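S.K.: Following is a predicted model, sequence given first.
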Amino acid sequence: MDWMFILISLAKILGVIFGIILPLVSYTVYAERRVSALMQDRIGPNRTGIPLSLIPGLGLKDRQMPLLGGMGQPIADAVKFLLKEDFTPAHVNKFYYWLAPCLAMVPAILTIAVVPFGSSLWGVPMVIANVNIGVLFVFAVASLGVYGIVLAGWSSNSKYPFLGGVRATSQMISYELSMGLSIIPLFLIMGELNLPKIVEYQIQHGWTIIPFTNLHSFAPGLYKHHTWRGWLNWKEIVMWVPMMISFFIFTVAIFAETNRLPFDLPEAETELVAGYHTEYSSMKFALFFLGEYAAMITGCSLIVTLFLGGWHIPGIPDGSHGWIWGLVNIGCFFAKVVALLLFFIAIRWTLPRFRYDQLMRLGWIFFFELALVNILITAGIMAIFPN
Amino acid sequence: MPPLLFWTFAALMLIFGISVIAQPNPVSSALSLVVSFIALAVLFVSLDAFFIGIIQILVYAGAVMVLFLFIIMLLDLRSGQRKKAHAVTVAGGILIALIFVAELGQVLHAFPEGNRTAPALGAPVQDVQSVGHVLFTSYNLPFQIVAVLILVATIGVVVLSKKELD
């Protein structure tokens, strides 16, 4: 039984990391390039195909290859990163210079362990580690993510990387506060820190920010609970306001935590060359680059799990109705994640960057207080409408 | 948890704890402390105290030590800038450490409960709920007092760090 558990966990870890997350990371980079091109009226990488004509016997003529809209680009990128010269400047602190890229990638991937990415498949729950304090685990691991950036900036022993590292530290500390406070209202309502149970709650009571997904008309016969009885449940209508505020603060904080525009001050290329990874080349640079996208994916999966109902879509049964539905649920989860990733990309190519003092002011003077007031509002609503 | 894991992480914690004071470079010292905290958190988790283990990482490794590192980097402390330890200071330090060890031995000796093997936990502990429950019932007054103390400290920081306007 123990061996079975270990084997199943290993299969889940390998399947999620190598089967889903890493390909998703490389294709997010591709999507970023194509979407930015689209938004700036360019074409973007659309030429790299897979050279199937090199394989004899397929009957393809010389240099004739399916282009697939440039879908082969991530493969070419990866090969380029691996084959470029890995140059270590003489002025760096060698040990920490090598340690930093590893630390940049690990926390982003470690977080996915507690996120439920599907209902169940052949009776096996689709979450790697079903722990009772899932959300706290996410915050703990995410708070370690800053070390990679700080060490990269410090060990490079040069001006701009150092400034990038210092900026990253203060930015992440500031926004971690409002990120943690912003989801306390959720726990007040749900009374649960376990992420799979948070998804279960949303299936029964409606998604956090779209609270009518459990209406009877959406899923006839599937779910017994339908609390929105013809728009008459005032508690749920009033509770919608603090939930939207929570969603707003949390999403903005995820932008800041993953160093995405409009909060990409640690690597602001117009001010700091490339910020904390200026002195890095080849695969070590790629680890920072991919670590940022992996952090984006885990951030989006968290938003989906906490606010958008996880793997649940009204009308689609869960994995106990057959393995095909289990796969569909996994597909639903990652479809939501991809939609959010495209939103992140669209924001990046739409908004200009904040100035540094504006960023700190926004975090400390606006979001921190808003999150605190939001907790008070939620507690007040719960006191006014006791069940 | 198998004893092997306990010994591994206990050893890691002690080795990196020693490394905190042995490293010449302040940044290395701070990072050793981070690793030591994480190993300590693993020991908490192995005792089914998930909440305390995670808080250990979240608060100490994730927030306090990041600020430490931040200050060390901003002050640009380099290795070799440390003062040479005086013989009297070293002797005093060792003496204090010995006194603490002796006190610990005395307490453990006078505490027979420590020799008993506790029964294994039956059901998984709902530690977040139990901590919250105890905080807001039995220890409500101390909890409120601590909250006021923290508020005072926060206001103090704002007042002290605010620039003089006139």
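M.R.: Received the coordinates, thanks.
S.K.: Show me which residues of chain B are close to chain A?
M.R.: Proximity of chain B to chain A, by CB under 8 Å from any CB of the partner chain, involves residues B:27, B:31, B:34, B:50-51, B:54-55, B:57-58, B:61-63, B:66-67, B:69-70, B:73-74, B:124, B:126-128. Placement of C-beta: from N, CA and C, glycine included.
S.K.: A:Val138: what's it in contact with?
M.R.: Neighbouring residues of A:Val138 by CB atoms under 8 Å, 6 or more residues apart in numbering or on different chains: A:Thr111, A:Val114, A:Val115, A:Thr298, A:Leu302.
S.K.: Go through the residues you listed and flag which are in strands.
M.R.: Taking DSSP state E, every one of these sits outside strands.
S.K.: so which of the residues you listed comes closest to A:Tyr160?
M.R.: A:Tyr160 has its nearest neighbour among the contacts of A:Val138 in A:Thr298, at 27.6 Å by CB to CB.
S.K.: Tally up the residues packed near the closest residue to the closest one other than its chain neighbours, please.
M.R.: Spatial nearest neighbour of A:Thr298, excluding adjacent residues (CB to CB, 6 or more residues apart in numbering or on different chains): A:Thr111 at 4.4 Å. For A:Thr111, the count of nearby residues is 24 (other CB atoms under 10 Å in any protein chain shown).
S.K.: any idea what the nearest residue to A:Leu290 once chain neighbours are set aside is structurally, helix, strand or coil?
M.R.: With sequence-adjacent residues excluded and distances taken as CB to CB, 6+ apart, A:Leu290 is closest to A:Val25, at 5.3 Å. Applying DSSP: H, G, I helix; E, B strand; the rest coil to A:Val25 yields a three-state assignment of helix.
S.K.: How much space separates A:Val25 from A:Met283?
M.R.: 14 Å (CB to CB, to the nearest Å).
S.K.: Have a look at the two and say which one is more surrounded.
M.R.: Legend: neighbour count by other CB under 10 Å for A:Val25 and A:Met283, higher for A:Val25 (23 against 16).
S.K.: Pretty sure that one sits against A:Glu292.
M.R.: No. Under the criterion of CB atoms under 8 Å, A:Val25 makes no contact with A:Glu292, lying 9.3 Å away.
S.K.: what are the ranges of the helices in chain B?
M.R.: With DSSP state H as the criterion, chain B has helices at B:3-22, B:26-46, B:50-55, B:65-75, B:87-109, B:127-136, B:140-161.
S.K.: what does the last one contact?
M.R.: Under the contact criterion CB under 8 Å, 6+ apart, helix B:140-161 has outside partners B:Leu135, B:Phe136.
S.K.: again, only this time at 7 Å
M.R.: B:Leu135 (CB atoms under 7 Å, 6 or more residues apart in numbering or on different chains).
S.K.: That helix to helix B:127-136, inter-axis angle?
M.R.: Inter-element angle recorded for helix B:140-161 and helix B:127-136: 90 degrees (by axes from the mean of the first three to the mean of the last three CA atoms, to 10 degrees).
S.K.: So for helix B:140-161, mean pLDDT?
M.R.: Helix B:140-161 shows a mean pLDDT of 90.
S.K.: Next up, the contacts around the closest residue to chain B within chain A.
M.R.: Chain B sits closest to A:Ser143 of chain A, with a gap of 2.7 Å, by CB to the nearest CB. Contacts for A:Ser143 were tallied using CB under 7 Å, 6+ apart; they are A:Glu176, B:Leu58, B:Gly62, B:Ala63.
S.K.: what residues does stretch B:48-60 touch?
M.R.: Residues contacting stretch B:48-60 (CB under 7 Å, 6+ apart): A:131-133, A:136-137, A:139-140, A:143, B:37-38, B:40-41, B:44-45, B:121, B:124-125, B:127-128, B:131.
S.K.: got it, and stretch A:83-92?
M.R.: By CB under 7 Å, 6+ apart, stretch A:83-92 touches A:Lys94, A:Tyr97, A:Ser155, A:Ser156, A:Asn157, A:Ser158, A:Glu279, A:Ser281, A:Ser282, A:Met283, A:Lys284.
S.K.: packing partners for the host helix or strand of A:Leu181?
M.R.: If you go by DSSP states H and E, A:Leu181 is part of helix A:159-182. The contact analysis (3 or more CB pairs under 7 Å, 6 or more residues apart in numbering or on different chains; DSSP states H and E) places helix A:159-182 against helix A:146-155, helix A:234-257, helix A:269-272, helix A:356-361, helix A:368-384, helix B:65-75.
S.K.: let's see 10 Å
M.R.: helix A:134-144, helix A:146-155, helix A:234-257, helix A:269-272, helix A:282-307, helix A:356-361, helix A:368-384, helix B:65-75 (3 or more CB pairs under 10 Å, 6 or more residues apart in numbering or on different chains; DSSP states H and E).
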